[in-house]
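Colleague: the sequence and its predicted three-dimensional model are supplied below.
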There are 2 protein chains.
Amino acid sequence: MQTPWEYRYSQRMKRMKASAIRELLAVAERPGMISFGGGFPAPDVFPVEEFKKACISVLENKGPEVLQYGSTDGYVPLREMVSRYSIRSGMNIDISNILITSGSQQALDLLGKIFINRGDRILVESPTYLGALQAWNAYGAEYITVPVDEYGMRTDLLEEALRTGPKFIYVLPNFQNPTGTTLPLERRMKIIELADRYGVPIIEDDPYGQLRYEGEDIPSVEILDSRVREQNGTYTGNVIYLSTFSKILAPGLRLAWVVAPDTVIRKLALAKQGTDLNTSAFNQIVAHEVGQHGFIDRHVEVMKKVYLERRNAMLDSLEEHMPEGVTWTHPEGGLFLWMTLPRDLNSTEMLPETIEENVAYVPGEFFHPDGSGKNTIRLNFSFCCPDKINEGVSRLGKAFKKKLAH
Amino acid sequence: MQTPWEYRYSQRMKRMKASAIRELLAVAERPGMISFGGGFPAPDVFPVEEFKKACISVLENKGPEVLQYGSTDGYVPLREMVSRYSIRSGMNIDISNILITSGSQQALDLLGKIFINRGDRILVESPTYLGALQAWNAYGAEYITVPVDEYGMRTDLLEEALRTGPKFIYVLPNFQNPTGTTLPLERRMKIIELADRYGVPIIEDDPYGQLRYEGEDIPSVEILDSRVREQNGTYTGNVIYLSTFSKILAPGLRLAWVVAPDTVIRKLALAKQGTDLNTSAFNQIVAHEVGQHGFIDRHVEVMKKVYLERRNAMLDSLEEHMPEGVTWTHPEGGLFLWMTLPRDLNSTEMLPETIEENVAYVPGEFFHPDGSGKNTIRLNFSFCCPDKINEGVSRLGKAFKKKLAH
């Protein structure tokens, strides 16, 4: 008898679909492929020597602790480091406001677990981060979308969306994934004000905040919200803030953090315990060791230089190789830019053809909860060196021109 | 305005309760505390030198790969290593049947995610592993219990329980957590036969299978099930098998694996992608490096020697210090034994008093889905050295005697 697994799967499972990113990551490993698909940091910039020193040091000095189970909240010195880092950026928090997670993806999953009942509506930018949709689809989330223009979320359309009763607002203010756009101060203030008026919490996802290549830093929604509250004499924030070591140190560690009111942190920790008990003590202690004495600040400066060069290489190549009618964003930081093709081109349908030509991207429709955006594309510029970027964009340009000629 | 978080939490969250283990782990770090609470391996046996060598080697030779995102299924050479290890033990599988997870706790969470709808009943041993209940409570599981005696699950009561329509059977056949009991071959065969007859899959959790200190190995339910199927000419198994590197290498890595039919592995990987994208490439590559050339087999022999000594120390100390009316199991392997106090003693109520005396354990009721077993206790014997075991058991004995004298 063959066990009939299919009919046993949960309702939740039936809502999950295999993702394009997954297939892409597999394909992108093929030799000769130029991948603009994943959100991969530049592998040639990883601080390998520092990691080696840190591994030796922590294994020699703290071997038993490094290899043992850790606490669910996270390694205390690492939480203290994140706390100092957050306070320096202007946050009014302490260690009780911080939970270490196994990558930001886990933070998104845990937020789904503690907040989302089947049918709850989440207000998201359209397009928005694909991984958040994947995490929350599993809990039966539905979505209210607010479109993104070149300055991020269209806050002039936010109040109308808030009237439909979302459970929370999910926003990526800095160098948004997937569009690369950045929310100006006024729009951030508008989101804070409206969220407060409608009593809707904000989840601010900020994986790339440190990676700004031009223009001035803008305070995070978390910081702006707490400033407003301090003026009003109320101290409990309305923002849950996510960031990660994946983009400022290395994604191979799977280390990220949540900043939130302590009551929310306690609930997240409870959910985390049933999910993976705790995040690797090994990775946390090594990350703390590498990150000491200002190393992360210095390393971010190195990465910014490399990524600025790659962003510029991509912008120049697009200018050179793209046919008329193709437009793209000009990101001030982060890892991605967003391309819009003439309306009758379908980027999902074209992907197998460009993969034949050894160049890969993520089709834009996967970032739209409603499946729109079929003529859009997310391009990553952090992973490949400038020469490859130029070659890959040239291949893409040829493929689009060929299609448009038909 | 203070944001009222409480009313926003999901139904799921409202079913999650803070666990005794969590509090215990915090308390167990207090200096002077002798903890029989956690399922911690002996920290003095961790192969620290081997980890140091492996870290140096993989960072020097594969730095960029080690620090980058990995694939959701897991690092291929590690999956191949697990596959060889499984085949050697008698399993008829290949790499497509293996998923690497962030600890076995994640495997339990993912199984909940892909299988459990709210109200689904899971057939479990009573008592059973607390972490499975924590993982599945979040998905709204309910439980059908079959009691455990000194030989594990009472299979004479299994058919009656199966008639109530469980979604799957969850069983820990070797040195069960929490009781330390081992299912004899006949009971394993009975579970396989009844599961097949009632069309109910089996989840076999086997974290300690390698850690046998006396008696003969018994084939896993997974292997016995596939043997039956081969005889019948049907090859799709009815068992999902879980095991982990936490007990044979180090829990600080957070590395475990699932063996299952490939259709189930694909669903688990899809769920995993939304949960944490992938398990740390760093940890997987290091574990593979450490585990090469038969190291794990040699290391398991070292651990078995140490744990046998500690188990014997605990059995001897119990014999010496426990008052009349207290009984305990005699585990042939694993990390735990199970103590039953006279019926009117409540181990949860007594815990704060024994913690005052600097000795900790996990109260047995937390392993019972129905909250029974209030006069039972789980004792871990792997974490403390024999002297501390003797001292801790002596303190416990005094506390119980004092209580019984009242």
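Modeller: Nice, I can see it. Note that the structure is a prediction, hence the values are computed from the model and not measured.
Colleague: so A:Gly333 touches A:Leu172, yeah?
Modeller: No: with contacts counted by C-beta atoms under 8 Å, A:Gly333 stays clear of A:Leu172, the gap being 11.9 Å. In this view, the C-beta of every residue, glycine as well, is placed from N, C-alpha and C.
Colleague: mean confidence score for the biggest strand by length in chain A?
Modeller: When every strand of chain A is counted residue by residue (DSSP state E), the longest turns out to be strand A:142-149. When pLDDT is averaged over strand A:142-149, the result is 97.
Colleague: export that strand to PDB, keeping only CA atoms.
Modeller: As requested, C-alpha coordinates have been extracted for strand A:142-149 and formatted as PDB (Å, rounded to 0.1, in the frame of the first residue of the first chain):
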ATOM      1  CA  GLU A 142      -4.700  38.200   3.400                       C
ATOM      2  CA  TYR A 143      -3.300  41.400   2.100                       C
ATOM      3  CA  ILE A 144      -4.300  45.000   1.600                       C
ATOM      4  CA  THR A 145      -1.900  46.700  -0.700                       C
ATOM      5  CA  VAL A 146      -0.700  50.300  -1.100                       C
ATOM      6  CA  PRO A 147       1.300  51.000  -4.200                       C
ATOM      7  CA  VAL A 148       4.900  52.000  -4.300                       C
ATOM      8  CA  ASP A 149       6.200  54.900  -6.400                       C
END
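Colleague: ok, back up a step: more neighbours: A:Gly333 and A:Leu172, which one.
Modeller: Neighbour totals were compared for A:Gly333 and A:Leu172, and A:Leu172 leads with 29 against 21 (other C-beta atoms under 10 Å in any protein chain shown).
Colleague: element containing A:Trp338?
Modeller: strand A:336-340 (DSSP states H and E).
Colleague: so which bits of the longest helix seen in chain A are buried?
Modeller: When chain A is parsed with DSSP state H, its longest helix is helix A:295-321. For helix A:295-321, burial by neighbour count (16 or more other C-beta atoms under 10 Å in any protein chain shown) applies to A:296, A:299-300, A:303-304, A:306-308, A:310-311, A:313-315, A:317-318, A:321.
Colleague: that one near chain B anywhere?
Modeller: No: remark: helix A:295-321 sits outside contact range of chain B, by C-beta under 8 Å from any C-beta of the partner chain, the gap being at least 12.1 Å.
Colleague: quick revisit: could you check the angle helix A:295-321 makes with the strand holding A:Trp338?
Modeller: What separates the directions of strand A:336-340 and helix A:295-321 is an angle of 20 degrees, with axes from the mean of the first three to the mean of the last three C-alpha atoms, to 10 degrees.
Colleague: name the strands paired with strand A:336-340 and say parallel or antiparallel.
Modeller: Neighbouring strands of strand A:336-340 in its sheet, by DSSP bridges, are strand A:327-328 (antiparallel), strand A:376-380 (antiparallel).
Colleague: what's the average pLDDT for the longest one?
Modeller: It stands for strand A:376-380. Across strand A:376-380, pLDDT averages out at 97.
Colleague: not counting it itself, show me its contacts.
Modeller: Contacts to strand A:376-380, defined as C-beta atoms under 8 Å, 6 or more residues apart in numbering or on different chains, come from residues A:35-40, A:127, A:177-179, A:314, A:328, A:335-341, A:347, A:361-365, A:367.
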